[in-house]
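>>> generate coordinates for the sequence data below:
(one chain, ligands or ions: 1)
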Amino acid sequence: MRTSLIIERIDLADTGHPVQLAEILTHQLKAQLPQLLPILIEDVAFACGIEEIKGLNTEGFEGGLIQNEEKTSGYILVKSTSREDRRRFTIAHELGHFLNPYHVAPEGGLWCTKQDLRASGQWDNSRLGIEAQANEFAAHLLMPPTHLKTISTLWGSPEIQNILNLQHLCNVSKEAASIRYVGMHGDSCAVVFTHETKVRYIVYGGGFPRISIEKGHSVGRKTLTRNYTGPIGSISDQEESDSHQWLLPKDANRWNLWEEVLLQTDSYRLTLLLAEASNLDEDEKLIESWTPKFR
Ligand SMILES: [Zn+2]
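Below is the predicted model of the structure:
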């Protein structure tokens, strides 16, 4: 036996909903472990019927799943050169395919690319639909929201240090932690990942207005993201930011922004933007004052 964890697969048999599958697993794990996080993802996979997790050296794929027709046993393959946090997410993603009764692997296995591991949105039966489901399952299993909500030190006003705390607590990538953080927090905030000042990836939460800078384009010259300097790993203060550097004019007039920056190695940076609806502008105030008030 490769793990002492016990997963009752029968409890998982009635649903193909990725969130429900992850929650049933979390519930079973909580009953067996004094400390839930970080999730022992390899042990969980073995307890679910995965016989082996093997290295994958095929160019272009992050992970793969080979399973029997009944989905009672299988192998997970993970790109050998991946960092540990990405490996963990890939294993959880493949486990999501394995446990989902509707994710039928074609003969020769199910193979997942980097794009698949980022798929989100529609949960239909299309190829990208099942990839999005496997990602949702992985995020829910590795960062269980009902458990995270009980950890008060993660919350409060949004700040980069809390995203890093979540990342370390769950042993996931900064991207995965950022998606979960802004998704759960509720305040209007966005995380912008840049490399050499160019936008790589943006994560939105809480109704944050759309950022007008396209992927691959540089952030504005007057942003803290561009100008903050310090040693690798340092985090700036949260400073008020010129909204026009980030938003379309119509949005920039309606939102005040604050900006906080983390310096990473090799000119990578992570920026947290917080938005607060600005007070009504002068014209709107005037209209407001003319509008009769009825009681
Ligand atoms: Zn996949």
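
>>> every contact and neighbour count from this point should use C-alpha atoms.
Will do.

>>> OK, contacts around the closest residue to L21 other than its chain neighbours?
Computed as C-alpha to C-alpha, 6 or more residues apart in numbering, the closest residue to L21 that is not its neighbour in sequence is L12, at 6.1 Å. If you count contacts by C-alpha atoms under 8 Å, 6 or more residues apart in numbering, L12 has them with 21, 24-25, 99.

>>> how about those residues, which pair is most distant?
Maximum pairwise distance among the contacts of L12 (C-alpha to C-alpha): 11.5 Å, between I24 and L99.

>>> give me the more crowded residue out of the two.
Looking at I24 and L99 with other C-alpha atoms under 10 Å, you find the greater number of neighbours at L99, namely 24 against 16.

>>> kindly confirm my reading that L257 is in a strand.
Yes. With DSSP: H, G, I helix; E, B strand; the rest coil as the criterion, L257 is part of a strand.

>>> which ones among the contacts of L12 lie within helices?
Counting by DSSP state H, the contacts of L12 place 21, 24-25, 99 in helices.

>>> with distance to the ion added, can I get these in CSV?
Shown next, in CSV, are those (distance: C-alpha to the ion, whole Å):
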residue, distance to the ion
L21, 16
I24, 21
L25, 19
L99, 12
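
>>> got a markdown table for those residues, with pLDDT and distance to S157 too?
Formatted as a markdown table, the ones in helices among the contacts of L12 follow (pLDDT from 0 to 100; distance: C-alpha to C-alpha, whole Å):
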| residue | pLDDT | distance to S157 |
| --- | --- | --- |
| L21 | 97 | 31 |
| I24 | 97 | 30 |
| L25 | 97 | 30 |
| L99 | 97 | 37 |
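
>>> what count of nearby residues applies to G230?
10.

>>> state the distance from P38 to E214.
Taking C-alpha to C-alpha, to the nearest Å as the measure, P38 and E214 are separated by 34 Å.

>>> returning to what we had before: please report how far the residue nearest to L21 lies from L40.
Computed as C-alpha to C-alpha, the L12 to L40 distance reads 18 Å.

>>> just Q161 next, same as before
Between Q161 and L40 the computed distance is 24 Å (C-alpha to C-alpha).

>>> the two: who's more crowded?
Between Q161 and L40, counted using other C-alpha under 10 Å, the more crowded position is L40 (15 against 12).

>>> residues contacting that one?
When contacts are taken as C-alpha under 8 Å, 6+ apart, L40 is in contact with no other residue.

>>> now V172
Residues touching V172, when contacts are defined by C-alpha under 8 Å, 6+ apart, comprise 85-86, 88-89, 142.

>>> again, only using 7 Å
85-86 (C-alpha atoms under 7 Å, 6 or more residues apart in numbering).

>>> and it, what pLDDT?
According to the prediction, V172 has pLDDT 98.

>>> the ion contacts on the stretch 151-295 of the chain?
Taking C-alpha under 5 Å from the ion as the criterion, the ion has no neighbours within the stretch 151-295 of the chain.

>>> excluding chain neighbours, what is closest to the closest residue to the ion within the stretch 151-295 of the chain?
At 15.8 Å from the ion, A176 is the closest residue in the stretch 151-295 of the chain, using C-alpha to the ion. Using C-alpha to C-alpha, 6+ apart and skipping the chain neighbours, the partner closest in space to A176 is A139 (7.2 Å).

>>> state the number of residues packed around the one you found.
23.

>>> other SSEs contacting the strand or helix carrying it?
Secondary structure from DSSP states H and E places A139 in helix 127-142. Taking 3 or more C-alpha pairs under 7 Å, 6 or more residues apart in numbering; DSSP states H and E as the contact definition, the neighbouring helices and strands of helix 127-142 are helix 18-32, helix 84-99.

>>> among the ones you listed, which is nearest L274?
Proximity of the helices and strands packed on helix 127-142 to L274 was assessed by C-alpha to C-alpha; the nearest stretch is helix 84-99, lying at 26.6 Å.

>>> same question for that closest one: list its buried residues.
85-99 (16 or more other C-alpha atoms under 10 Å).

>>> residues contacting it, please?
By C-alpha under 7 Å, 6+ apart, the surrounding residues in contact with helix 84-99 are 41, 45, 63-65, 71, 76, 78, 103, 134-135, 137-138, 171-173.

>>> may I have the strands that pair with the helix or strand just after it, each with its orientation?
Per DSSP H and E, helix 84-99 leads on to strand 110-112 as the next helix or strand towards the C-terminus. Looking at strand 110-112 with DSSP bridges, its paired strands and their directions are strand 63-67 (antiparallel).

>>> next, the angle from the strand it pairs with to helix 84-99.
For strand 63-67 and helix 84-99, the angle between their directions (axes from the mean of the first three to the mean of the last three C-alpha atoms, to 10 degrees) works out to 30 degrees.
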